[in-house]
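**Q** Curious how this folds, go ahead:
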Amino acid sequence: MVRIKDRIVSRYYATPGTYDVITYTEGGRYYAKDRMGNIICQDSPTACLQEAVNYVAQLGGGKILVKKGTYYPKKTIRIPDGINLVIDGEGNNTVFRYTDRFILFLHGSSNPTWTSTVILRNFKIDRRGSGENNTDIIVVSYAKYVMIDGIEIVDDWRDMDKDAGIASYSNLVTIVQNCRVFNKSYGIWASGFLSIARENYVVNTAKVGIAASGFAERFGIPPGYSYGGLSIIENNVCIDCGRTDEGISVDYGVRSSRSYGAGIIRNNIIKTVNYASARMITTPNVEKVVIENNILEGTVNMGAIDLWSAGDPLLAIIRNNYINVTNVSSGAFVATTHKMFVFENNMMYATYNNISQNIFDLLHVYSAKVFIRGNRITTITPSNYGFNNIIYVFARSSDSDPEYVDIESNDFVINALSDNLVHVWFDFTYPTTIPQVIVSKNLVNAKRAVNRVLRLTIRGDFAYAFVRDNQVNSNVANKIGAWTDKSGIRVYIDADIPFEPYATMSYYYYKKNYGVAKFNGDGTTTTFTIAHNLVKAPSRVLVTPASKDAAGSFYVTTDDTYIYVNYTTAPPAGTNNVVLHWYAEV
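**A** A predicted model of the protein is given here:
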């Protein structure tokens with residue numbers, strides 16, 4: 001038996017065009033023949049598939065061909081642990097037709113060994129007419145290697161648990177590719193330490209359309225491994241997916257105690273046609289994630305991209321995506337909790353419809369290091385509603401790892417009322433000599449009023465903002481606002497727009513400052529003092545009289561706090577009659 005097993009397994013790997021068992025239907029009956037032509041099954045509740053699997057299992061593994069025809073299984077085909085198995089159909093000419101509530105192909109074990117190889121390819125499963133008979137259809141878990149390739153699944157739409165087209169959990173390697181799934185609660189779920197879902201086509205799912213994950217807390221994992229892994233979802237099309245959930249997701253479960261693994265979501269098309277999605281992309285509890293080169297189009301009722309994760313997720317990168325989505329709720333378009341967040345070179349058209357309140361944020365970022373660069377962002381809201389903030393950043397940093405926010409070279413077209421273009425909330429005390437907030441080289445074309453370019457909310461005792469070279473139109477109040485409820489706050493500014501604190505705080509300009517000073521002359525005072533608010537005494541000062549009474553002869557001196565304008569002859573008495581334009585730089 002060992003020699004026969006070795007010979008068959010060798011032949012299985014060496015000659016992929018041969019099969020150890022062929023099953024077929026003829027005259028309304030089912031048959032299975034071995035490679036010698038011997039009939040090993042005639043009619044069974046699994047259309048002779050279970051008998052074929054059991055036969056090759058005795059040999060340690062093998063290949064089964066299911067010939068073209070329509071098969072009507074009555075029960076689950078169970079794949080034993082420790083097998084090397086390939087089941088091939090002949091494309092959509094091989095059809096499994098049933099409507100009862102049972103899993104068609106099942107691999108799993110209460111005491112898994114992670115030694116199985118399971119490959120299912122090229123057949124169709126048709127459950128139309130199943131009504132409320134929800135069921136997972138293909139479930140392969142706790143295997144060494146799983147490939148599901150070229151399977152088409154058609155069902156009746158429903159919104160129920162335990163109703164996935166293709167589901168796999170806690171395999172070492174899972175690949176789901178070239179599959180087509182229509183009208184399921186869940187479309188495809190590929191789970192493995194390496195999990196790949198690629199080139200699939202999924203239409204009309206109640207919950208997630210295509211998901212992948214590594215080893216997650218809710219499932220067993222093999223000895224020597226830890227939770228996590230790498231998940232790749234690429235080159236898929238998802239139409240009307242996630243009507244109550246999400247279109248595409250790398251998902252470690254919302255109940256995980258922390259974040260795990262890495263996920264890549266790239267080159268996918270996610271589109272709604274007949275229904276709205278709740279969200280188009282999510283990554284719950286994924287430690288590191290890259291979302292790139294995707295096309296997102298249609299309608300959502302919660303948000304476009306949600307990267308919420310527990311614990312301390314490390315990195316999220318969203319780049320080079322085309323996002324043209326209408327949100328029918330007041331939720332954020334993009335949200336993240338990752339320690340470092342990169343949002344760059346995206347083209348985003350964000351439209352809000354049928355809302356009954358203001359939108360808090362377009363981008364809601366709870367991160368320590370933030371880079372938002374090179375994007376074109378267009379927003380549209382109903383005329384009576386708008387945004388609190390286009391971009392909101394809450395500083396989830398520490399004294400030893402201070403916040404750094406770089407919002408640079410973006411093109412904003414804002415068809416919405418907005419309180420702030422950017423709002424950054426600081427909550428730490430670490431002093432630094434480099435800017436913690438950079439807002440520069442942005443083009444802001446506001447069709448409706450925007451009250452501030454930048455607002456700072458400061459709960460620590462220190463902040464440093466660099467705001468320069470932004471181009472804004474007349475609908476934007478080109479200024480910086482700052483608020484705090486603490487005493488002793490210090491704010492350092494390098495800006496070419498005014499700074500307006502809304503609470504008592506000490507603020508200083510790092511590079512330069514300028515303004516208009518007005519004084520009441522009294523005919524005797526010869527020295528007028530201007531607070532320059534620079535970090536130290538300026539090296540260059542320019543004072544220009546801007547009123548007739550200020551035009552006398554004077555000279556200027558400075559110290560770390562003030563500019564002193566010293567007149568040879570006191571200006572005459574008057575109210576605000578001594579007007580001086582001043583400029584000072586360090």
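**Q** Show me where the chain dips below the pLDDT cut-off.
**A** Within the chain, the stretches falling below the threshold (pLDDT under 70) are 1-17, 398-400, 428-433.
**Q** Can you give the domain ranges for it?
**A** Per automatic domain parsing, the domain ranges recorded for the chain read 330-510, 512-585.
**Q** Packed most tightly, which of those would that be?
**A** Ranked by mean neighbour count, the domains of the chain are led by domain 330-510 with a mean of 19 (mean count of other C-beta atoms under 10 Å). Just so you know, the C-beta spots here come from the backbone N, C-alpha and C atoms, and that holds for glycine as well.
**Q** Ends of it, what's the gap?
**A** Distances were taken as C-alpha to C-alpha, to the nearest Å; on that basis the terminal residues of domain 330-510 are 39 Å apart.
**Q** Give me the spatial nearest neighbour of Arg459, chain neighbours excluded.
**A** The shortest distance from Arg459 to any residue that is not its chain neighbour, by C-beta to C-beta, 6 or more residues apart in numbering, is 4.4 Å, and that residue is Asp427.
**Q** Give the bridge partners for Asn171, please.
**A** Assessed by DSSP bridges, Asn171 has beta-bridge partners Gly192.
**Q** Identify the residues contacting it.
**A** Counting by C-beta atoms under 8 Å, 6 or more residues apart in numbering, Asn171 makes contact with Trp114, Val140, Ser141, Tyr142, Ala143, Lys144, Tyr145, Val146, Ser191, Gly192, Phe193, Ser195.
**Q** can you put the domains of the chain in CSV and add distance to Phe182?
**A** As requested, the domains of the chain are arranged in CSV below (distance: least, C-beta to C-beta, whole Å):
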stretch, distance to Phe182
domain 330-510, 28
domain 512-585, 64
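**Q** Closest to Leu106 out of the contacts of Asn171?
**A** Using C-beta to C-beta, Val140 comes nearest to Leu106 of the contacts of Asn171, at 7.8 Å.
**Q** I'd like the next helix or strand past the host helix or strand of that closest one.
**A** In this assignment (DSSP states H and E), Val140 forms part of strand 138-141. Following the chain from strand 138-141 toward its C-terminal end, the next helix or strand by DSSP H and E is strand 145-154.
**Q** How about residues contacting the next helix or strand along the chain from that next one?
**A** Counting by DSSP H and E, the element after strand 145-154 in chain order, helix or strand, is strand 164-169. With C-beta under 8 Å, 6+ apart as the contact definition, strand 164-169 has outside contacts at 108, 136-143, 146, 148, 151, 153, 155, 174, 176, 179, 181, 184-192, 195, 202, 219.
**Q** Mind checking which of these are buried?
**A** Neighbour counting by 16 or more other C-beta atoms under 10 Å classes 108, 136-143, 146, 148, 151, 153, 155, 174, 176, 179, 181, 184-192, 195, 202 among the contacts of strand 164-169 as buried.
**Q** ok, what's across the strand from Thr282?
**A** Listed by DSSP bridges, the beta-bridge partners for Thr282 are Ser249, Asp306.
**Q** ok, back up a step: contacting residues around the strand holding Val140?
**A** Contacts of strand 138-141 from elsewhere in the structure, counted by C-beta under 8 Å, 6+ apart, are 79, 103-108, 112, 118, 120, 125, 146, 148, 151, 153, 164-171, 174, 191, 219.
**Q** so Asn451 sits right up against Ser418, yeah?
**A** Yes: under the criterion of C-beta atoms under 8 Å, Asn451 lies in contact with Ser418, with a separation of 7.1 Å.
**Q** Can you get me a residue count around Ala276?
**A** 19 (other C-beta atoms under 10 Å).
**Q** which ones are touching the residue lying closest to it once chain neighbours are set aside?
**A** In this structure, Ala276 finds its nearest non-sequential neighbour in Thr299, 4.1 Å apart by C-beta to C-beta, 6+ apart. Applying C-beta under 8 Å, 6+ apart to Thr299 gives the contacts Thr272, Ala276, Ser277, Val325, Thr326, Asn327, Val328.
**Q** What's the first helix or strand after the helix or strand containing the fifth one?
**A** With elements taken from DSSP H and E, the one containing Thr326 is strand 322-327. Next along the chain after strand 322-327, taking DSSP H and E as the criterion, comes strand 334-336.
**Q** Tell me how far the helix or strand following that following strand lies from the chain's centre.
**A** Along the chain past strand 334-336, the next helix or strand (assigned with DSSP H and E) turns out to be strand 340-344. In terms of C-alpha atoms, centre = their mean, to the nearest Å, the centre of strand 340-344 is set 10 Å apart from its chain centre.
**Q** who does strand 340-344 touch, helix- and strand-wise?
**A** In terms of contact count using 3 or more C-beta pairs under 8 Å, 6 or more residues apart in numbering; DSSP states H and E, strand 340-344 is assigned the packing partners strand 315-319, strand 359-367, strand 369-373.
**Q** In a markdown table, list those along with distance to Ala52.
**A** Written out in a markdown table, the entries for the helices and strands packed on strand 340-344 read as follows (distance: least, C-beta to C-beta, whole Å):
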| stretch | distance to Ala52 |
| --- | --- |
| strand 315-319 | 46 |
| strand 359-367 | 53 |
| strand 369-373 | 55 |
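**Q** now for stretch 532-546, what's the gap between its first and last residues?
**A** The first and last residues of stretch 532-546 sit 18 Å apart, counting by C-alpha to C-alpha.
**Q** ok, residues contacting it?
**A** Outside stretch 532-546, the residues that touch it by C-beta under 8 Å, 6+ apart are 492, 507-510, 512-513, 516, 551-552, 554, 556, 558-563, 565, 579-586.
**Q** one more time with 6 Å, if that's ok
**A** 508-510, 513, 551, 556, 558-560, 563, 565, 579-586 (C-beta atoms under 6 Å, 6 or more residues apart in numbering).
**Q** Check stretch 500-514 too.
**A** Here stretch 500-514 makes contact (C-beta under 6 Å, 6+ apart) with 479, 481-484, 489-494, 532-535, 583-585.
**Q** Next: stretch 474-486.
**A** By C-beta under 6 Å, 6+ apart, the residues outside stretch 474-486 that reach it are 444, 446, 449-458, 467, 472, 491, 497-503, 505.
**Q** let's see it at 7 Å
**A** Counting contacts by C-beta atoms under 7 Å, 6 or more residues apart in numbering, the residues outside stretch 474-486 that touch it are 444, 446-459, 461, 465, 467, 472, 491, 493, 495, 497-503, 505.
**Q** What of stretch 50-69?
**A** The contact list for stretch 50-69, computed with C-beta under 7 Å, 6+ apart, reads 4-5, 8-9, 12, 19-25, 32, 34, 40-41, 44, 77-80, 83-90, 93-94, 123.
**Q** cool, and stretch 222-230?
**A** Taking contacts as C-beta under 7 Å, 6+ apart, the residues outside stretch 222-230 that touch it are 114, 172, 192-195, 214-217, 221, 260-262.
**Q** From Pro73, how far out is Ile83?
**A** Plainly put, Ile83 is 19 Å away from Pro73 if you go by C-beta to C-beta, to the nearest Å.
**Q** Check Gly131 too.
**A** Separation of Gly131 from Pro73 (C-beta to C-beta) stands at 18 Å.
**Q** So for these two, which residue has more residues nearby?
**A** Neighbour comparison, Gly131 and Pro73: the larger count goes to Pro73, with 22 against 10 (by other C-beta under 10 Å).
**Q** Leu104 is in contact with that one, correct?
**A** Yes: between Pro73 and Leu104 there is a contact under C-beta atoms under 7 Å: 6.4 Å.
**Q** shared neighbours of these two, anything?
**A** With contacts defined as C-beta under 7 Å, 6+ apart, the residues shared by Pro73 and Leu104 are Phe96.
**Q** And the strands in the stretch 151-300 of the chain, which stretches?
**A** Here the stretch 151-300 of the chain has its strands, by DSSP state E, counting those that start in this stretch, at 164-169, 171-177, 180-184, 186-198, 201-205, 210-213, 230-234, 237-239, 246-250, 260-266, 269-271, 277-282, 286-292, 295-307.
**Q** Any chance of JSON lines for these, columns distance to His364?
**A** Conversion of these to JSON lines gives the following (distance: least, C-beta to C-beta, whole Å):
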{"stretch": "strand 164-169", "distance to His364": "31"}
{"stretch": "strand 171-177", "distance to His364": "32"}
{"stretch": "strand 180-184", "distance to His364": "31"}
{"stretch": "strand 186-198", "distance to His364": "27"}
{"stretch": "strand 201-205", "distance to His364": "26"}
{"stretch": "strand 210-213", "distance to His364": "23"}
{"stretch": "strand 230-234", "distance to His364": "23"}
{"stretch": "strand 237-239", "distance to His364": "24"}
{"stretch": "strand 246-250", "distance to His364": "17"}
{"stretch": "strand 260-266", "distance to His364": "19"}
{"stretch": "strand 269-271", "distance to His364": "20"}
{"stretch": "strand 277-282", "distance to His364": "13"}
{"stretch": "strand 286-292", "distance to His364": "16"}
{"stretch": "strand 295-307", "distance to His364": "9"}
